[in-house]
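[1] just to be clear, the model below is a prediction. Sequence and coordinates:
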Amino acid sequence: MKNPVTVTVTGAAGNIAYSLLFRIAAGEMLGADQPVVLKLLEIPPCLDKLKGVVMELEDCAFPLVKEIVATADPAEAFKGADWCMLVGSVPRKAGMERKDLLGINGKVFVGQGKAIAENASKDCKVFVVGNPCNTNCLIALHNATGLPSQNFFAMTQLDEYRAKSQLAAKAGVPVSEVTNMTIWGNHSSTQYPDFTNAKIGGKPVTDVISDTEWLKTTFISTVQKRGAAIIAARGASSAASAANAALMTVKNLVTPTAEGDWFSVCSFTDGTKYGLPAGIICSMPTRTNADGSHTIVEGLPIDAFSREKIDASCKELLEERADVADLLK
Ligand code: NAD
Ligand code: LMR
């Protein structure tokens, strides 16, 4: 039997967590042979609700779950964490952009970044879902003194799946036929779902979908605005699909990526790739190597159309960074 991996999930009594925790506990994220310790963080007013979630987890009698800790103390929650899944954050309401949440949510990631640095395993991975996830992740990174910047990630896997699903429907093929889908930039309405480098059945998307106008307009804006469309329809932001994407991001980050493919995740830029500015958490095409390390896929052609879209999203990330300068050490 392997040693347990400690997974800390914040916002553990919230909507996303309710779709996420049971799947982690069942072994869908780290593997069917990987025991886990679950550490669940909430704010004090939600501890009673969290107790109910813990009771339900217990009532599943998951064989892989070795221990469950439920707490409102970040130090206790992050103690020994190997994976810190930072979900806890206020979601936006209809009419808001995700960056409008920075004033409410940004400061949470100062305290959590510090608590992670002081308590988590020294090579823990930090994965931010709570919005605006890119800049919240940057805040956590700046405050987690001593942890390697390459261990910080934020989520655009949901956007990648949304893009794949739209392309598959347009082409009339199963979604599994769509590969090499990059989301560039920010998890926001400026993100760029890059159809120019994506493939359907191994062929360039533009060979399969001849309606270039649709690709350049409806496709991009549908993906960019899908979160808002779900809020409008459901009266609440995506939860089950977000949980699925969160689980799959971690799975992608721990599993060697299929030959020739990649996945989208936001990570810290070093200023040397694709003309992306240094020091932001930006979504890029990423591969997980056999030794568990991660590589940004290099050498993809970026045409003038793509360049403009990527630059616009990076500009927004730089603006968000400037807005939270007082939270960055
Ligand atoms: P929710 O309101 O149902 O749950 C959030 C939970 O976080 C609440 O239980 C709340 O008490 C808790 N929380 C708040 N501050 C906390 C703190 N400091 N420490 C620990 N817990 C805290 O919201 P949800 O639907 O689960 O969404 C959570 C976040 O995920 C939102 O910000 C949402 O916008 C974001 N989200 C991101 C993506 C993405 O693709 N990156 C997708 C969907 C949702
Ligand atoms: C999403 O993309 O569904 C989430 O980021 C929630 C939101 O605010 O759109």
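    Thanks, I have it. Ligands and ions are numbered 1, 2, ... in the order given.
[2] could you measure from residue 314 over to residue 176?
    Note on residue 314: its distance to residue 176, by CB to CB, to the nearest Å, is 31 Å. C-beta here means a position set from N, CA and C on the backbone, and glycine is covered the same way.
[3] where exactly do the strands run in the stretch 101-250 of the chain?
    Using DSSP state E, counting those that start in this stretch, the strands found in the stretch 101-250 of the chain span residues 125-128, 152-154, 178-179, 182-184, 192-194, 199-200, 203-204.
[4] where does the stretch 201-329 of the chain get nearest to ligand 2, which residue?
    In the stretch 201-329 of the chain, the residue that lies nearest ligand 2 is residue 227 (2.1 Å; CB to the nearest ligand atom).
[5] hmm, that residue is touching residue 241, no?
    No: applying CB atoms under 8 Å as the test, residue 227 and residue 241 come out as separate, 9.8 Å apart.
[6] before we move on, back to that, between residue 314 and residue 176, which is the more surrounded one?
    Regarding residue 314 and residue 176, a neighbour count based on other CB atoms under 10 Å identifies residue 314 as having more, with 22 against 9.
[7] now mean neighbour count too, for the strands of the stretch 101-250 of the chain, in CSV please.
    Shown next, in CSV, are the strands of the stretch 101-250 of the chain (neighbours: other CB atoms under 10 Å):
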stretch, mean neighbour count
strand 125-128, 26
strand 152-154, 27
strand 178-179, 20
strand 182-184, 27
strand 192-194, 27
strand 199-200, 21
strand 203-204, 12
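[8] turn the ones you listed into TSV, columns for distance to residue 14 and mean pLDDT.
    Shown next, in TSV, are the strands of the stretch 101-250 of the chain (distance: least, CB to CB, whole Å; pLDDT from 0 to 100):
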stretch	distance to residue 14	mean pLDDT
strand 125-128	14	98
strand 152-154	17	99
strand 178-179	30	98
strand 182-184	24	99
strand 192-194	27	99
strand 199-200	36	98
strand 203-204	40	98
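[9] a markdown table for these, including distance to residue 119?
    Putting the strands of the stretch 101-250 of the chain into a markdown table (distance: least, CB to CB, whole Å) gives the following:
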| stretch | distance to residue 119 |
| --- | --- |
| strand 125-128 | 12 |
| strand 152-154 | 16 |
| strand 178-179 | 39 |
| strand 182-184 | 32 |
| strand 192-194 | 37 |
| strand 199-200 | 43 |
| strand 203-204 | 47 |
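[10] relative to ligand 1, which of the ones you listed is closest?
    Of the strands of the stretch 101-250 of the chain, nearest to ligand 1 by CB to the nearest ligand atom is strand 152-154, at 6.7 Å.
[11] which residues are contacting that closest one?
    125-129, 133-134, 136-138, 140-141, 144, 187, 249, 253, 265-268, 281, 283 (CB atoms under 8 Å, 6 or more residues apart in numbering).
[12] can you check stretch 87-102 too?
    Under CB under 8 Å, 6+ apart, the answer for stretch 87-102 is 9-12, 14-17, 20, 41-43, 104-105, 108, 129-133, 135-136, 187-189, 227-228, 231-232, 236-237, 246, 316, 320, 323-324.
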